[in-house]
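Q: Sharing a sequence plus its predicted fold:
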Amino acid sequence: MVSDTTAPSDTTAYPAAPALQLHRVSKSYRSGTTVVPALRDVTLTVPPATFTAVMGPSGSGKSTLLQCAAGLDAPDSGQVLLGNTEISRLRSKALTRFRRDHVGFVFQSYNLLPQLSVARNVTLPLLLAGRAPDPAWLGYVLEAVGLGGLGERKPQELSGGQQQRAAIARALITRPEAVFADEPTGALDSATARQVLDLLRHTVSELGQTVVMVTHDPVAACAADNIIFLADGHLDGSMANASVRDVTERVAYLGER
Ligand SMILES: Nc1ncnc2c1ncn2[C@@H]1O[C@H](COP(=O)(O)OP(=O)(O)OP(=O)(O)O)[C@@H](O)[C@H]1O
């Protein structure tokens, strides 16, 4: 287990293995008598300390990919590895424990508890795991997301962008193998979205965090090192260090090559 007292700048605890690997992952949903394929034979590798965006048309399988990669949903076939752990083999209890200790989540809707202070919200994953928060690490994470001095506020006393920063701090507090973000800027205006994207970028470059983010927005996707495209449940190529124009064009023709 990663110690909570490791110096904030120490990233040696992160595994040398890829942060995330999917090997031939397929997943279908049943809707009445109909079977809806959501992921078809997806294989991908995400190196540690990188920022990956997942793009594709509505219904192309982006959220399903994120859910399977994060251990929130189980693939029908194929393997998912987070660091050195094959999470697709874990049974329910072990998977819940693993997720709690090793996976961070950020959602479009922040999901902060209104009755708790920002600091309490941020340290909740540690408390739920029975681990004592390290005040130095909490202070560092709050500073890193630009919420230094605001830990005692309630979420409703923060702006939308600050609430999303708190949600990102909460995702980082356990020093997870990977942070999964589903449309984290979807509810924000473009200037605030920019700040949140810069923060995610900062967690990658300064904290060595691995971030995987689903987005519909080419501007948001271009904050990532690498963009992977999905079309109809298939992986449909990727782009590194892309421009907004290239991504917009690529998205318009997804699935047509
Ligand atoms: N719980 C479910 N039951 C039945 N079908 C589902 C379920 N969840 C997703 N699907 C279907 O699986 C496919 C992929 O859905 P998914 O939500 O992963 O796509 P998405 O790319 O994230 O879409 P969006 O951009 O609209 O959020 C879609 O056809 C969707 O209708």
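A: Right, received. Where do you want to start? Keep in mind the model is a prediction, meaning the values are calculated, not measured. Residues are numbered from 1 along each chain as shown.
Q: which stretches of this protein have low pLDDT?
A: Applying pLDDT under 70 to the chain flags the ranges 1-16, 255-257.
Q: where do the strands sit along it?
A: With DSSP state E as the criterion, the chain has strands at 20-31, 34-46, 51-55, 77-82, 85-86, 103-107, 178-182, 211-214, 226-231, 234-240.
Q: which helices and strands does the fourth one pack with?
A: Under the contact criterion of 3 or more Cβ pairs under 8 Å, 6 or more residues apart in numbering; DSSP states H and E, strand 77-82 touches strand 20-31, strand 34-46, helix 62-69. Quick note: C-beta positions are derived from backbone N, CA and C, even for glycine.
Q: try the first one
A: The contact analysis (3+ Cβ pairs under 8 Å, 6+ apart) places strand 20-31 against strand 34-46, helix 62-69, strand 77-82.
Q: who does that strand pair up with?
A: In the sheet, strand 20-31 lines up against strand 34-46 (antiparallel), strand 77-82 (antiparallel) (DSSP bridges).
Q: what's the closest of those strands to residue 105?
A: strand 77-82 (12.9 Å; Cβ to Cβ).
Q: can you pull the buried residues of the closest one?
A: For strand 77-82, a neighbour-count test (16 or more other Cβ atoms under 10 Å) marks 78, 80-82 as buried.
Q: which of those residues sit farthest apart?
A: The most widely separated members of these, counting by Cβ to Cβ, are 78 and 82 (14.1 Å).
Q: can I assume residue 196 is in contact with residue 188?
A: Yes. Assessed by Cβ atoms under 8 Å, residue 196 is found in contact with residue 188 at 6.3 Å.
Q: which residues do the two both contact?
A: Residues touching both residue 196 and residue 188 by Cβ atoms under 8 Å, 6 or more residues apart in numbering: 161, 164.
Q: who has more neighbours, those two?
A: Set side by side, residue 196 and residue 188 show more neighbours around residue 196, with 25 against 21, by other Cβ atoms under 10 Å.
Q: distance of that one from the ligand?
A: Residue 196 is 19 Å from the ligand, where distance means Cβ to the nearest ligand atom, to the nearest Å.
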